[in-house]
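Participant: Here is a sequence with its predicted model. Questions after.
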Amino acid sequence: MKADKMPYHIRPMENRDIAPITELEKQLFNDPWPQRSFENELKNRKISFSFVLENENRIIAYLISWCYAGELHIGNIAVDNAFRRKGLAQRLLRHIFQVCDNYKEAFLEVRESNRAAIALYLKLGFEVLAVRRAYYSDGENALIMKKTNSK
């Protein structure tokens, strides 16, 4: 089912979401964020903007970001494998662009091998700014990407 036909709901992350998000994080990533990282995000609501995307009350995607000093930083974005290629990451990103609409520049890091994510970010106006050598625990490089707000 296409994302535009699928019933979904984007809402702010809450404490009750931490356990399912932590489990999803472990399924999706070789180097997952620990539970305490998500807990810390919820304690810092002045700059931390974290959202979940639900389908039938099940969290299928989430986004962690920070918005401060005219910058938006995408810290983590993930989509359950069963729901990939449905435009959900794009919907979450567009949502944070609206929530934090006063940003001048947005930044993120992405694995050099993650071609699907890189293609999405390029489509949304990001460009490759630099390469962080051996950024990830397995030694893979990260691309630093930047988007300028066109407002």
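Facilitator: Right, received. Where do you want to start? Model, not experiment: these values are computed from the prediction.
Participant: ok, longest strand in the protein?
Facilitator: Ranked by residue count and defined by DSSP state E, the top strand of the chain is strand 58-68.
Participant: Name the residues that touch stretch 127-147?
Facilitator: Residues outside stretch 127-147 that contact it (C-beta atoms under 8 Å, 6 or more residues apart in numbering): 30-31, 105-113, 118, 121, 124-126. C-betas here are computed from N, CA, C, even on glycine.
Participant: Filter these down to the buried ones.
Facilitator: 106-112, 118, 121, 126 (16 or more other C-beta atoms under 10 Å).
Participant: With distance to residue 69 and secondary structure as new columns, can those be given to me in a markdown table?
Facilitator: As requested, the buried ones among the contacts of stretch 127-147 are exported to a markdown table (distance: C-beta to C-beta, whole Å; DSSP: H, G, I helix; E, B strand; the rest coil):
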| residue | distance to residue 69 | secondary structure |
| --- | --- | --- |
| 106 | 13 | strand |
| 107 | 12 | strand |
| 108 | 16 | strand |
| 109 | 19 | strand |
| 110 | 22 | strand |
| 111 | 27 | strand |
| 112 | 28 | coil |
| 118 | 26 | helix |
| 121 | 22 | helix |
| 126 | 19 | coil |
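Participant: still on that earlier bit, need the residues that contact the longest strand of the chain.
Facilitator: 8, 13, 17, 20-21, 24, 38, 41, 46-54, 72-80, 82-83, 88-89, 92-93, 95-96, 99-100, 102-103.
Participant: Quickly run through the sheet partners of that strand, with directions.
Facilitator: strand 48-55 (antiparallel), strand 71-79 (antiparallel) (DSSP bridges).
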